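J.: My questions concern the predicted model and sequence given below.
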Amino acid sequence: MKKIAFFFSLILSYNSFSQQIATKTIQPSVLRKIVSDHAIVEKALQFEDKNGKNYLVATTLQNRSDEWASKAILVQHYIEKSNKKLVLIRQITDKEDHCELDNDLQFITESLMITDLDKNKYAEITFLYKVGCRSDVSQIGLKLMVIENGIKVGIRGKTQPRGFNFPKEKVADASFKKLPKVIQDQANKLWNKFAPEF
């Protein structure tokens, strides 16, 4: 019986993997059209779906003084039209301003998934990032975003430092709960993977 369960878990893992969309790094000539000179590129990927050629670029900006640090995050999703013009269909921005401690705004690059789990030919772009200002082992903000064909839904809450009994905070958008279960399941697994810290 255990062998059968293991066999089916392998099939499910394979199916999940097979629904990932192939990506490649964006060419520098295209990236220069999107990214400002002062931005730090966290992730820059190109992929294809029903919209044609897609570009996803995640960047951060930093501004520091002797007393504080500010950080901003910008995630942009473009599609390329037949005339080669890039059209922005969704962007997500967030920031942590004038932090006098440790500015922990961070795009979690390992969390980024580009899939078509509901098989509707439009990619789901899923990722998490942290946002907060702290100087100790405390919770900070954690956000998960799912973008599909320009529509954004999310989960918001806080990280869970290991070894501490902080209350769990996790609230999903009402629109998140309307997503197909397979997309919700992937998002919740990613949250559970990246919420623990240290």
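T.: Thanks, I have it.
J.: pLDDT weak spots in the protein?
T.: 1-18 (pLDDT under 70).
J.: Excluding chain neighbours, what is closest to Leu61?
T.: Ala72 (4.6 Å; CB to CB, 6 or more residues apart in numbering). Glycine gets a C-beta too; all of them are placed from N, C-alpha and C.
J.: center of this structure - which residue?
T.: Centroid-nearest residue in the chain, with CA atoms, centre = their mean: Phe127, separated by 1.6 Å.
J.: ok, now which ones touch that residue?
T.: Applying CB atoms under 8 Å, 6 or more residues apart in numbering, we find Phe127 in contact with Ala58, Val75, Phe107, Ile108, Ser111, Leu112, Met113, Leu144, Met145.
J.: C-terminal to the helix or strand harbouring the first one, what's the next element?
T.: Mapping Ala58 onto the secondary structure by DSSP states H and E places it in strand 52-64. Once strand 52-64 ends, the next helix or strand along the chain (criterion: DSSP H and E) is strand 69-80.
J.: could you give the angle of that following strand to strand 52-64?
T.: 170 degrees (axes from the mean of the first three to the mean of the last three CA atoms, to 10 degrees).
J.: Run me through the strand neighbours of the following helix or strand past strand 69-80, direction for each.
T.: Remark: after strand 69-80, the chain's next helix or strand is strand 86-99, criterion DSSP H and E. Here strand 86-99 is paired, per DSSP bridges, with strand 69-80 (antiparallel).
J.: ok, and what's touching the strand it pairs with?
T.: 34, 39, 51-64, 86-99, 103, 105, 107, 125, 127, 129, 131, 145, 147, 150.
J.: ok, Lys158 to Tyr129 distance?
T.: Per CB to CB, to the nearest Å, Lys158 is found 13 Å from Tyr129.
J.: Quick check: buried residues in stretch 27-35?
T.: Val30, Leu31, Ile34, Val35 (16 or more other CB atoms under 10 Å).
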